[in-house]
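J.: sequence-free structure coming up:
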Ligand code: FAD
Ligand code: DLZ
Ligand code: SF4
């Protein structure tokens, strides 16, 4: 009997469960560029172009491997506009009643497949190291779901950086060595730039035509769009940047968008690279004495630790996770997040490179835009939709726990035991942003005071009841309590006045 095999835009892996279970001779692969997926948030044009181009190349590869593929382009006049619409249309066309799918990375789409009148089997996505069941078992009965404990289990499971049942070099975590401030210069020129071929050019024309109103620059388009190109970027990064990755993982620089970061999240998340294989290649660099343990362990932790843990939290917490808002924040996301002028250099630089590249590294997302949104009391759902839209690596299963949980503390502390907030001093220590900012990071009050300095206290005082008993935050409250009343009053009055200007749409 003819079955359909669904392959989504972030499932571009030859060993995908739905493909492994299917019969090449009789089954038909369905792939579709659809308006619903391209517009549930206003995705960055580079993100849409990357996904469509990679989908088209993956479909061509499946065909050359002998699969029959029913591929719908966005501008096909018969396009129904949704994944389920396309499945129903293709089922009628081919007389199919059953669909083999791999569980999507978003509740919205899982539910749409469940509600579809066709018989759809959603297979577990095996492209991750931990299954849902393994994460649930790990989480069961724990008071706190700390990533570090989960990560150690993933080290044991994969055998990465292990000597028997012990971590290599005697420690699980070398983060202590990974906090160096921005260096004078970077000895790596960033990700490999791929010249668009004919397939990519066709997609760029389509995206330009349909999505030019979306925030973000389509050109220059340099992303890898197939597995072979993505591997070339990984090899380049391992060769030239991995040895320095750990040291400068948290640094930020005005003129360096990528520092020593791998820029492979979009490739892994779309299925062009396999996470375990990536980690094994990185581990090999350690075994070959090419890269030190702090770099290698730091990188492997991001993938088998944080990435897997975030996915576990998303599926454990359920579909209402993205509407959590325990701090009851409701401010509108400021226009500066969409590229409007701001005097804050750190925001301007982080948003500016997001606009150009659909990329910002972790500390820009966490300690600049995320920190600002949290301190200013931005509605976390708006923040969530912004991150989901503007980054080429953003799919809800990974983006939501990072934003709602880690960055905005909107889940009440499931992901983080305390909110990631800081004054301007942290940004100054880790970057060269403050040197060229209109605000003065050393000014705590006054006309030129860094807004992060004012908003930091404003946030802590607004949420004193919740956080003052947190043992990791007691010091912050003791510092505040030691300040004179007049100073406290000035800080809170100036913070309120600054937020008023922000709300009024001034270019603060
Ligand atoms: P590198 O710094 O080179 O790290 C290596 C790899 O580790 C990444 O490619 C990624 O696969 C993985 N990784 C690192 N940190 C995390 C993390 N916290 N969660 C999951 N994987 C991680 N990552 C996404 O893939 N998609 C998102 O939508 C996303 N949204 C984020 C939103 C916020 C507010 C924050 C603070 C972080 C977010 N991250 C997200 C995590 C991280 O910022 C990106 O994975 C990283 O910046 C990607 O760039 P890179 O490939 O150069 O990473
Ligand atoms: C992100 C995205 C976009 C922009 N477009 C498509 C598309 O047209 N067709 C498709 O199959 N997938 C697309 N995707 C990826 C899906 O949104 C993604 O599979 C779900 O959000 C689940 O992670
Ligand atoms: Fe950002 Fe404040 Fe530094 Fe300006 S002074 S770059 S606003 S932290």
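T.: Structure received. In this text, all values refer to a predicted model and were calculated from it rather than measured experimentally. Ligands and ions are numbered 1, 2, ... in the order given.

J.: Going by C-alpha atoms from here, please, whenever you check contacts or count neighbours.
T.: Noted.

J.: can you list the residues of the chain near ligand 1?
T.: 261-265, 299, 302-303, 306-307, 310, 360-362, 365-366, 370, 388, 393-395, 398-399, 402-403, 407 (Cα under 6 Å from any ligand atom).

J.: Of those, select the buried ones using a ChimeraX command.
T.: Buried residues among these (16 or more other Cα atoms under 10 Å), as a ChimeraX selection:
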select :261,262,263,264,265,299,303,306,307,310,360,361,365,366,370,388,393,394,395,398,399,402,403,407
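
J.: overlap between the residues of the chain next to ligand 1 and the residues near ligand 2?
T.: residue 395.

J.: Select from the residues of the chain next to ligand 1 every entry located in helices.
T.: Using DSSP state H, the subset of the residues of the chain next to ligand 1 located in helices is 265, 299, 310, 362, 388, 398, 399.

J.: Pull the most distant pair out of those.
T.: By the measure Cα to Cα, 299 and 388 form the most distant pair in these, at 23.0 Å.

J.: Please report the distance of the closest residue to ligand 2 within the stretch 301-450 of the chain from ligand 3.
T.: Nearest residue of the stretch 301-450 of the chain to ligand 2 (Cα to the nearest ligand atom) works out as residue 395 at 5.1 Å. According to Cα to the nearest ligand atom, to the nearest Å, residue 395 and ligand 3 sit 28 Å apart.

J.: Isn't that residue up against residue 108?
T.: No. Under the criterion of Cα atoms under 8 Å, residue 395 makes no contact with residue 108, lying 11.5 Å away.

J.: what about the residue lying closest to residue 259 once chain neighbours are set aside, neighbour count?
T.: Of all residues not flanking residue 259 in the chain, residue 186 sits nearest, at 6.3 Å (Cα to Cα, 6 or more residues apart in numbering). Residues within reach of residue 186, counting by other Cα atoms under 10 Å, total 17.

J.: Just the pLDDT at residue 186, thanks.
T.: pLDDT, residue 186: 92.

J.: What segments of the stretch 1-150 of the chain are strands?
T.: 3-6, 28-32, 68-72, 98-102, 119-123 (DSSP state E, counting those that start in this stretch).

J.: Dump the ones you listed to a markdown table, plus distance to residue 477, mean pLDDT and mean neighbour count.
T.: Below are these laid out as a markdown table (distance: least, Cα to Cα, whole Å; pLDDT from 0 to 100; neighbours: other Cα atoms under 10 Å):
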| stretch | distance to residue 477 | mean pLDDT | mean neighbour count |
| --- | --- | --- | --- |
| strand 3-6 | 53 | 98 | 26 |
| strand 28-32 | 53 | 98 | 24 |
| strand 68-72 | 57 | 98 | 19 |
| strand 98-102 | 48 | 98 | 23 |
| strand 119-123 | 49 | 98 | 17 |
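
J.: The residue nearest to residue 259 belongs to a strand, doesn't it?
T.: No. The assignment for residue 186, made by DSSP: H, G, I helix; E, B strand; the rest coil, is coil rather than a strand.

J.: Dig out what residue 69 forms beta bridges with.
T.: Counting by DSSP bridges, residue 69 forms beta bridges with residue 29.

J.: Does it touch residue 29 like I think?
T.: Yes. In this structure residue 69 lies within contact range of residue 29 using Cα under 8 Å: 4.6 Å.

J.: Kindly check the end-to-end length of stretch 114-127 for me.
T.: 21 Å (Cα to Cα, to the nearest Å).

J.: ok, and what's touching it?
T.: Contacts to stretch 114-127, defined as Cα atoms under 8 Å, 6 or more residues apart in numbering, come from residues 16-18, 84, 88, 97-104, 113, 131, 274-275.

J.: tell me, how many neighbours does the residue nearest to residue 138 when sequence neighbours are not counted end up with?
T.: Nearest non-adjacent residue to residue 138, counting by Cα to Cα, 6+ apart: residue 150, 7.3 Å away. By the measure other Cα under 10 Å, the count of residues near residue 150 is 19.

J.: again with residue 193
T.: 13.

J.: Relative to residue 482, how far out is it?
T.: From residue 193 to residue 482 the distance is 53 Å (Cα to Cα).

J.: same thing with residue 147?
T.: 34 Å.

J.: Which one of these two is surrounded by more residues?
T.: Just comparing residue 147 and residue 482: by other Cα under 10 Å the higher neighbour count belongs to residue 147, 17 against 9.

J.: list the contacts for that one?
T.: The contact partners of residue 147, taken as Cα under 8 Å, 6+ apart, are 305, 306, 309, 415.

J.: okay if I get those as TSV plus distance to residue 50 and pLDDT?
T.: Converted to TSV, the contacts of residue 147 look like this (distance: Cα to Cα, whole Å; pLDDT from 0 to 100):
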residue	distance to residue 50	pLDDT
305	26	98
306	24	98
309	26	98
415	30	96
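
J.: Quickly name whichever of those is closest to residue 204.
T.: Residue 204 lies nearest to residue 306 out of the contacts of residue 147, by Cα to Cα, at 32.8 Å.

J.: Report the contact partners of the residue in the stretch 51-200 of the chain that ligand 1 sits nearest to.
T.: Across the stretch 51-200 of the chain, the shortest distance to ligand 1 (Cα to the nearest ligand atom) belongs to residue 191, at 9.1 Å. Neighbouring residues of residue 191 by Cα under 8 Å, 6+ apart: 233, 236, 237, 258, 262, 263.

J.: go again using 10 Å as the cut-off
T.: Counting by Cα atoms under 10 Å, 6 or more residues apart in numbering, residue 191 touches 222-224, 232-234, 236-237, 241, 258-264.

J.: Quick check: PyMOL command selecting the buried ones in the residues you listed.
T.: Selection of buried members from the contacts of residue 191 for PyMOL, criterion 16+ other Cα under 10 Å:
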select buried, resi 222+223+224+233+234+236+237+241+258+259+260+261+262+263+264
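
J.: Ligand 3 next: which of the contacts of residue 191 are close?
T.: Checked against ligand 3 using Cα under 6 Å from any ligand atom, the contacts of residue 191 give no members in range.

J.: Skipping adjacent residues, who's closest to the residue of the stretch 101-250 of the chain found nearest ligand 1 in space?
T.: Relative to ligand 1, the nearest point of the stretch 101-250 of the chain is residue 249 (6.7 Å; Cα to the nearest ligand atom). Closest residue in space to residue 249, ignoring its immediate chain neighbours: residue 178 at 6.4 Å, by Cα to Cα, 6+ apart.

J.: Pretty sure residue 250 is one of the things that neighbour touches, is it not?
T.: Yes. Using Cα atoms under 10 Å, residue 178 makes contact with residue 250 at a distance of 7.4 Å.

J.: Show me which of those two is the more surrounded one.
T.: residue 250 (21 against 18).

J.: Provide a list of residues in contact with the more buried one.
T.: So residue 250 contacts 178-182, 259, 261, 361-364, 367, 430-431 (Cα under 10 Å, 6+ apart).

J.: and residue 111, how many residues sit next to it?
T.: Counted with other Cα under 10 Å, residue 111 comes out at 12.

J.: list the residues that contact both of residue 69 and residue 29?
T.: Common neighbours of residue 69 and residue 29 (Cα under 10 Å, 6+ apart) are 4, 5, 6, 59, 62, 63.
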